[in-house]
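In: Quick one, what's the 3D model for this:
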Amino acid sequence: MFSIVKRQTVEERRVEILETTCRVVIERGFAGTRVADVAQRLGVSNSLIHYHFESKEALLAEAFSHYAKKSLQECVDYIVEAPTAKEQLARAIEDFVPEGSDDLEWMLWIDAWGEALRNPLMRRISQELDVRSNELIEAILRKGNDEGDFSCVDPRMSAMRLMGLIDGLAVQFAAHDGVLTRNDLIDAVTRAAQQETTHGK
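Out: Residues are numbered from 1 along each chain as shown. Next comes the predicted model:
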């Protein structure tokens with residue numbers, strides 16, 4: 001009896017390429033990843049990769065977008081489960097802070113920021129994702145204002161300051177050993193969040 005082999009759709013193949021590219025990038029970095037590396041990992045020809053993505057730059061940018069958007073959606077799902085704005089903000093801080101210096105997801109983000117300086121496609125996607133992260137924090141702060149838990153004068157700017165602090169300290173934490181602990185980082189951002197949400201109280 002012959003077995004029926006299900007052929008991949010174009011979208012399924014595209015997703016497989018993107019997810020494989022992310023795994024290669026985590027190992028090699030954006031600068032060190034070649035189309036040939038991805039093709040070899042998949043056991044396909046370079047031309048098949050180029051059929052789906054017109055250039056290496058487009059492949060890397062879309063792979064990062066695929067990975068980061070999925071990660072951000074998981075973060076949102078986790079955060080909104082909390083019933084109050086205070087709990088949501090605490091969850092957001094915890095989730096945005098790297099797990100450690102070997103946090104592969106955060107190393108991918110740091111590498112992507114560097115790649116964005118040279119790759120216009122990556123710059124656009126990186127900016128879009130940063131905006132979405134800021135908007136998530138801003139929405140939590142506005143929810144806290146509406147519920148009476150917070151007194152935040154300018155949620156948009158407060159969100160930008162908090163995300164800027166998280167990003168800056170997270171780079172130090174993820175890239176350098178012994179500069180600060182994860183608890184130090186969370187404590188610093190939590191204290192800043194308390195200052196941002198207690199104006200006039």
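In: Please make it C-alpha for all contacts and neighbour counts, starting now.
Out: Will do.
In: Tell me where this structure has helices.
Out: Taking DSSP state H as the test, the helices found in the chain are 10-28, 35-42, 46-52, 56-80, 85-96, 104-116, 120-147, 155-175, 182-196.
In: Kindly provide the whole-number mean pLDDT of stretch 29-37.
Out: Across stretch 29-37, the average pLDDT comes to 92.
In: roughly how far apart are the residue nearest the centre of the chain and Cys22?
Out: A centroid search over the chain (CA atoms, centre = their mean) returns Ala68, at 4.3 Å, as the residue closest to the centre. To Cys22, Ala68 is 10 Å away according to CA to CA, to the nearest Å.
In: and Ala174, how many neighbours?
Out: Neighbours of Ala174 under the rule other CA atoms under 10 Å: 24.
In: Quick check: it touching Leu104?
Out: No. Under the criterion of CA atoms under 8 Å, Ala174 is not in contact with Leu104, lying 9.3 Å apart.
In: per-residue pLDDT, Asp102?
Out: For Asp102, pLDDT reads 66.
In: ditto for Pro98
Out: 84.
In: Find the least confident helix or strand in the protein, judged by mean pLDDT.
Out: Ranking every helix and strand in the chain by mean pLDDT, DSSP states H and E puts helix 104-116 at the bottom, with a mean of 83.
In: Now do it: which elements does it pack against?
Out: Helices and strands touching helix 104-116, by 3 or more CA pairs under 8 Å, 6 or more residues apart in numbering; DSSP states H and E, are helix 10-28, helix 120-147, helix 155-175.
In: can you put the ones you listed in CSV and add distance to Arg41?
Out: Listed next are the helices and strands packed on helix 104-116 as CSV, based on distance: least, CA to CA, whole Å:
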stretch, distance to Arg41
helix 10-28, 7
helix 120-147, 23
helix 155-175, 27
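In: out of these, nearest to Glu57?
Out: helix 120-147 (7.1 Å; CA to CA).
In: I'd like to know how far Val131 sits from Ala188.
Out: 22 Å.
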